[in-house]
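Student: Need coordinates for the following:
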Amino acid sequence: MKKTIILLLPVLLIGCTAISTKTKKENCETIIAQLAKKAVKINGNLDDTVWKQTPVYQLQLVKNKTKKGEKVNEPAEVRFAWDENYFYAGIKLFDSDIVAEGKQNQMHHFDLGDVCEMFLKPENETWYWELYATPAGKKSSLFILGLGRVGLPSTFNYKSKLKVAAKCCGTLNNGIDKDKYWIAEMAMPVKNLTEKGDKFGPGSEWRVMVSRYNYGRYSNHRGAELSSVPQLSSENFHLVKEFAKIKFRR
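Tutor: Sure thing, here's the model as predicted:
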């Protein structure tokens, strides 16, 4: 979450366009989440069979930067899966300087080092979830009733059964050496996503977005570089109408 106001193969996108002369163009990209025949082991390894069966999506800089020819400094890629109990994300983030200074859960980890975030929103409601995973295996779960409540301390009062695991190929919080990548796996319980009465799974309409804050010694970027799937129109991770639609594939 940004205060001023989430893996190198081709990106697979199934999309549509909605063009209006009166309103901002809405992003209708769709991501595929593959049914997991067995519960995914949340261990930071990405070695479950389902991760080999589902498409891989590459995080991108915002559109105005890519139009200027800018490219993401260090790539990251994400896969999505689901079963009757969880919605899963598996993220691999290439990173030459892995840093995570947050030592507890339920913190503003985007101010404290590298973090990946996943946003989940029912199509026809104002509320949504904002979920964090760090290279240190720390997590945060925010429940936001609507855009007008973004930034309030009460969003951090939410308690979920979110599962997070992370593994680093490198040394965490050592700025002297050079690292390779880190992996995060996230599993959000369907029970949490349906506790307000929403349906989840095939036949339901949901949106998702995965974003990244990438800090690092070797970057030419001041502070964290921001990237996401789907690609957004600006560096605002609360553009809920630009989140991708989920296609639950069996």
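Student: which residues are contacting stretch 193-202?
Tutor: 82, 84, 87, 120, 122, 125, 127, 129, 190, 204, 206, 248, 250 (CB atoms under 8 Å, 6 or more residues apart in numbering). For glycine as for every other residue, the C-beta is placed from the backbone atoms N, C-alpha and C.
Student: Next, report how far it is displaced from the centre of its chain.
Tutor: Chain-centre distance of stretch 193-202: 19 Å, with CA atoms, centre = their mean, to the nearest Å.
Student: Going by neighbour count, list what's buried in it.
Tutor: Buried residues in stretch 193-202, counted by 16 or more other CB atoms under 10 Å: 193, 198, 200-201.
Student: can you tell me the distance between the two ends of it?
Tutor: 14 Å (CA to CA, to the nearest Å).
Student: what pLDDT, on average, does that stretch get?
Tutor: For stretch 193-202, mean pLDDT rounds to 98.
Student: cool, stretch 210-227 as well?
Tutor: Per-residue scores along stretch 210-227 average to 94.
Student: can the contacts of stretch 193-202 go into JSON lines with extra columns for distance to Thr30, neighbour count and secondary structure?
Tutor: Shown next, in JSON lines, are the contacts of stretch 193-202 (distance: CB to CB, whole Å; neighbours: other CB atoms under 10 Å; DSSP: H, G, I helix; E, B strand; the rest coil):
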{"residue": "Trp82", "distance to Thr30": "14", "neighbour count": "26", "secondary structure": "strand"}
{"residue": "Glu84", "distance to Thr30": "21", "neighbour count": "10", "secondary structure": "coil"}
{"residue": "Phe87", "distance to Thr30": "15", "neighbour count": "26", "secondary structure": "strand"}
{"residue": "Leu120", "distance to Thr30": "15", "neighbour count": "21", "secondary structure": "strand"}
{"residue": "Pro122", "distance to Thr30": "16", "neighbour count": "20", "secondary structure": "strand"}
{"residue": "Glu125", "distance to Thr30": "19", "neighbour count": "13", "secondary structure": "coil"}
{"residue": "Trp127", "distance to Thr30": "21", "neighbour count": "14", "secondary structure": "coil"}
{"residue": "Trp129", "distance to Thr30": "19", "neighbour count": "21", "secondary structure": "strand"}
{"residue": "Val190", "distance to Thr30": "20", "neighbour count": "18", "secondary structure": "helix"}
{"residue": "Ser204", "distance to Thr30": "14", "neighbour count": "15", "secondary structure": "coil"}
{"residue": "Trp206", "distance to Thr30": "11", "neighbour count": "25", "secondary structure": "strand"}
{"residue": "Phe248", "distance to Thr30": "11", "neighbour count": "18", "secondary structure": "strand"}
{"residue": "Arg250", "distance to Thr30": "16", "neighbour count": "8", "secondary structure": "coil"}
